[in-house]
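*Asks:* Okay, here's the prediction I keep looking at, along with the sequence it came from:
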Amino acid sequence: MRTPRSAVSTASVESTYDRRRLRQWLAGEARADGVSRRDMLRLLAAAGAATAVPLALNTPAAAATSPGIVKPLPDDWFTVRGTNAETKFASLAGTGYHTPVDHFFVRNHTSTPVLDAADWTLTVHGDGLTHDRTVEFSLDDLKKLPAVTRTAFVECAGNGRSFFTGQQGQTVTGTAWTLGAIGTARWRGVRLADVLRRAGLGRHAVDVMPRGLDPDYVTADGTDLGRVRRPLPVSKALDDVLLAYEMNGEPLPYDHGHPVRVLVPSWIGISSIKWVGDIEVSAQPLYSPWNTDFYRLFGDSYPEGGSAPLARQTIKSAWELAWDANLDAATEHRLTGRSWSGHGGIVRVDVSTDGGTSWRRARLHDAPQRNGWVRWSVDWRAPAPGVYTLLARATDTTGRTQPDTTVLNTQGYLFDAVVRHPVKAV
Ligand SMILES: Nc1nc2c(c(=O)[nH]1)N[C@H]1C(S)=C(S)[C@@H](COP(=O)(O)O)O[C@H]1N2
Ligand SMILES: [Mo]
């Protein structure tokens, strides 16, 4: 399989773009609604364009007791974490390549709005459209455009976050996901490019900002950040982004964005705005708290105001086994798992069943697929009863492989280190 355009180049395009965006903000040529002046100054300091300003982070809101999720969340399949539900990897064994909707993780900043497709419209607006017009699309209008089907995972930028603490002894903020904040589905919808062109995309458009119809997001300290929204460069919007109205052959379920969500293949989950109600197309760079305060890397190893906004996902592997799973010591087991990367298809997975002393290659059950994962397996019989540590290390088409540790960032994004998974042979 051909290697997709290098991730490094995408990342550096993003950071160059980010610097330009910041300069334009300073010159009064960029918009930053709902973002504090202090945050903008902090980002500017990081880009080397102004003096340093003390770092102050907002922490995402604390857990609510009621998750605000519509679908059932059986204990065997999900761990509820505040307003979110994490898929238990063990429950994916034997479910096939695509994650069934009833197993698919849910990440909600607030709660799932139950929207009626018949009343729904998408408003496309902004000075990046010719004549600064406003164009509305009903779901029927979208369905008249050419339909496209794409298999892609959606994975939260914070997936694996709990291992910064559990494996590296570090403190981070945010939902304590293990590895189940990911799912792979077959999405069907229309190209965002087709909708933007139909709306009259202007030559000077630089950013598009989809916004959800779910309630305003209010942080733990009571700050109302408005509705969930994150700018996307026009280049990505015109590349492979979908407005999806089907998931695994069914109308998009309530919890995953019914009736229409944005689907940004290989990028962090926050890019794929659910319940999209409007898309601003702008001739100026745009900011929201989701590309200033959140979803950048902050910490000692990063510029004072954080990295460029995160775009592509990183590389990970997970065993389809419970943590501390009991395995019969007397029998041979076919152990299974999955690996994925935002940078390219997975070409190789090495596993260890003795804590990393010896390694062998896992059997891959899928061809490397960009934007997707591969399933793999390995046969193993425990040499004797006792506790064992399983490890899996994936390599993708770009040569990227999982390190032993991930450099700390304060919000615990993009954990990519090999996870040490304990099991008990009994
Ligand atoms: N409108 C809206 N879109 C959203 C979110 C949200 O809270 N509201 N969460 C984002 C995040 S952080 C992730 S990881 C994905 C999760 O998608 P899923 O719930 O369908 O798995 O949706 C993204 N889109
Ligand atoms: Mo996320």
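*Replies:* Received the coordinates, thanks. Ligands and ions are numbered 1, 2, ... in the order given.
*Asks:* Now do the contacts for the residue of the stretch 1-150 of the chain found nearest ligand 2.
*Replies:* Nearest residue of the stretch 1-150 of the chain to ligand 2, counting by C-beta to the ion: R107, 4.6 Å away. (Glycine included, C-beta is placed from N, CA and C.) Residues near R107 by C-beta atoms under 8 Å, 6 or more residues apart in numbering: 84, 156, 175, 181, 269.
*Asks:* Tell me how far it lies from R186.
*Replies:* 20 Å (C-beta to C-beta, to the nearest Å).
*Asks:* Would you verify that A394 is located in a helix?
*Replies:* No: counting by DSSP: H, G, I helix; E, B strand; the rest coil, A394 is not part of a helix but strand.
*Asks:* Tally up the residues packed near it, please.
*Replies:* A394 is flanked by 29 other residues according to other C-beta atoms under 10 Å.
*Asks:* Is S317 within a helix or a strand, and which one?
*Replies:* S317 is part of strand 315-319 when elements are defined by DSSP states H and E.
*Asks:* Show the pLDDT at whichever residue of the stretch 51-200 of the chain sits closest to ligand 2.
*Replies:* The nearest approach of the stretch 51-200 of the chain to ligand 2 comes at C156, 3.2 Å away (C-beta to the ion). Turning to C156, the model gives it a pLDDT of 98.
*Asks:* do M1 as well
*Replies:* 37.
*Asks:* pLDDT weak spots in the stretch 1-150 of the chain?
*Replies:* Scanning the stretch 1-150 of the chain for pLDDT under 70 picks out 1-14, 46-66.
*Asks:* Near ligand 1, which residues of it are found?
*Replies:* By C-beta under 6 Å from any ligand atom, the residues of the stretch 1-150 of the chain that approach ligand 1 are 104-109.
*Asks:* on that earlier part again, surely the residue of the stretch 51-200 of the chain closest to ligand 2 and G269 touch.
*Replies:* Yes: with contacts counted by C-beta atoms under 8 Å, C156 reaches G269, the gap being 4.4 Å.
*Asks:* what do these two both touch?
*Replies:* Jointly contacting C156 and G269 under the rule C-beta under 8 Å, 6+ apart are 107, 181.
*Asks:* who's in contact with the nearest residue to K236 once chain neighbours are set aside?
*Replies:* Among residues not flanking K236 along the chain, V264 sits closest, at 6.9 Å (C-beta to C-beta, 6 or more residues apart in numbering). Counting by C-beta under 8 Å, 6+ apart, V264 makes contact with 232, 236, 241, 271-272.
*Asks:* mind checking pLDDT for V264?
*Replies:* So V264 comes in at 98 (pLDDT).
*Asks:* on that earlier part again, for the contacts of R107, which one is nearest T149?
*Replies:* Nearest to T149 among the contacts of R107 is G269, at 20.1 Å by C-beta to C-beta.
*Asks:* list the contacts for that closest one?
*Replies:* With contact taken as C-beta under 8 Å, 6+ apart, G269 is in contact with 107, 154-157, 181.
*Asks:* The strand holding S317 packs against which elements?
*Replies:* On a contact count with 3 or more C-beta pairs under 8 Å, 6 or more residues apart in numbering; DSSP states H and E, strand 315-319 meets strand 333-341, strand 386-396.
*Asks:* Send me the shortest one as CSV with only the CA atoms.
*Replies:* It stands for strand 333-341. What follows is strand 333-341, C-alpha atoms only, in CSV (Å, rounded to 0.1, in the frame of the first residue of the first chain):
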residue,chain,number,x,y,z
HIS,A,333,-5.3,-19.1,24.1
ARG,A,334,-5.7,-17.1,20.9
LEU,A,335,-5.1,-13.6,22.2
THR,A,336,-6.5,-10.8,20.0
GLY,A,337,-6.1,-7.0,19.7
ARG,A,338,-6.2,-4.1,17.4
SER,A,339,-3.7,-1.4,16.3
TRP,A,340,-4.2,1.9,14.5
SER,A,341,-2.4,5.1,13.5
